[in-house]
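**Student:** Need a 3D model of the following:
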Amino acid sequence: MPASPWRLGSLTPLDLGRRVYRRLWRDQLVDHAAALSYYFLFALFPTLLFLTTLLGLLPVEGLRDRLVRYGDQMLPPDAASLLWKTLDEITAGAGGGLLSLGALGALWGASRGTRSVIAALNIVFDVERPRPWWRRQLVAVTLTAALTGFTLAALLLLVFGDWLRRLLTSLFGLDGAFEVAWALAQGPLAVLLLLVGLDLTYRLAPATAPRWPCPTPGAVLALLAWIGTSLGLRAYVTHFSAYNATYGSIGAVILLMLWLYLSSLALLLGGLVNSVIARAAAGGPDRPPTNP
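**Tutor:** So this is what the prediction gives:
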C-alpha cells in the first residue's frame with residue numbers, strides 16, 4: 001500500500017510550501033489558471049444547461065430557485081445576477097423537449113472546460129506522454145458527468161437535508177438521536193462529496209497521478225482556497241469595491257471572470273500540492289527549472 005499523502009512525502013510543511021511556491025511560478029501556473037478561466041467561461045453555460053436539464057427530471061418544485069440561492073452566497077451579487085439572467089434567457093429560448101434532447105450536446109460543450117483542466121493538470125503532474133486524443137475526449141465527458149453528479153448531490157444534500165431526515169425518520173421510526181446525528185453530519189457529508197469530486201479530478205484528469213484514498217491534502221487545500229477566495233471576493237465587492245466606476249456596465253463580466261480565475265488557481269494549486277508530495281514520496285528531488 002502506498003504511503004499516506006498526509007505524511008507529506010517526509011517533507012516538513014515549510015519545505016512543502018517552499019517547493020509548491022517555486023513550482024507555482026516555475027511552471028507558470030498563474031498564467032495557466034488565466035487560460036483555464038477563459039475556457040471555463042465558454043463551458044460554464046453548457047454546464048449549467050446540462051445541470052438544469054437534470055434538475056427538471058426531479059419531481060421537486062422550486063428546486064432550481066433554492067439552488068440559485070446557494071450560488072448567490074458564493075458569487076459576487078452582480079456576477080450572480082448576470083449568470084442567472086443569462087441562464088434564464090438560454091432556457092427560455094428552448095422548449096423542454098429541446099433541453100432534454102440537447103442534454104448530451106450540453107454535456108459535450110461542458111467537457112471543453114474539463115479538457116482544459118486535463119491539459120493543465122498534465123503540466124502540474126509532469127506528464128511527458130499525454131493520452132491519445134480520443135481517450136482525452138472520453139475522460140473529459142465522463143469526468144464532466146461525474147463532477148456534475150457530485151456537485152448536484154452535495155447541493156441537494158444541503159437544500160433537502162431536512163426533508164430527507166424527516167422522510168427517513170418516518171419510514172424507519174428513528175428516534176431523536178438520529179435527527180441530531182443527521183443535523184451534525186449533513187454539512188460534512190456535502191463537503192465530503194465535493195472532496196471526492198476534487199480527488200476524482202486529480203486522479204483521472206492527468207495521464208499519470210498517484211492512486212491515493214480520499215481526501216488528499218491537495219483536495220482539502222483546493223476546497224478551502226476556493227471557499228475562502230469566493231467569500232472574500234464577495235465581501236470585498238459588497239463592502240469595499242467601486243469596480244462599477246472603473247468598468248461600468250461590463251463590471252459584472254469582469255467579476256465573473258475574476259471568480260473563475262480564482263477558482264481555476266485553487267484547482268491547480270491543489271493538484272500542485274499532490275504532485276509535490278508524490279515526487280517527494282518517490283524519493284525524487286524537486287523538479288529542476290525547464291527551459292522556455
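**Student:** Would you point out the helix or strand in the chain whose mean pLDDT is lowest?
**Tutor:** Within the chain, confidence by mean pLDDT, DSSP states H and E is lowest for helix 96-101 among all helices and strands, at a mean of 51.
**Student:** And the next helix or strand past that helix?
**Tutor:** helix 103-124 (DSSP states H and E).
**Student:** Please state the offset of the helix or strand just after that next one from the chain centre?
**Tutor:** For helix 103-124, the succeeding helix or strand toward the C-terminus, using DSSP H and E, is helix 133-159. Remark: helix 133-159 is offset 10 Å from the chain centroid, using C-alpha atoms, centre = their mean, to the nearest Å.
**Student:** What residues sit buried inside helix 133-159?
**Tutor:** Buried positions in helix 133-159, judged by neighbour count with 16 or more other C-beta atoms under 10 Å: 136-137, 139-141, 143-148, 150-159. For the C-beta atoms, the positions are set from N, CA and C on the backbone; glycine is no exception.
**Student:** contact partners of the helix or strand following that helix?
**Tutor:** Using DSSP H and E, the next helix or strand after helix 133-159 towards the C-terminus is helix 161-172. Contacts to helix 161-172, defined as C-beta atoms under 8 Å, 6 or more residues apart in numbering, come from residues 157, 174, 178, 179, 182, 183, 186.
**Student:** State the pair within these that is farthest apart.
**Tutor:** 157 and 174 (17.7 Å; C-beta to C-beta).
**Student:** Skipping adjacent residues, who's closest to residue 260 in space?
**Tutor:** residue 37 (4.0 Å; C-beta to C-beta, 6 or more residues apart in numbering).
**Student:** Assess the claim that the one you found and residue 266 are in contact.
**Tutor:** No: with contacts counted by C-beta atoms under 8 Å, residue 37 stays clear of residue 266, the gap being 11.2 Å.
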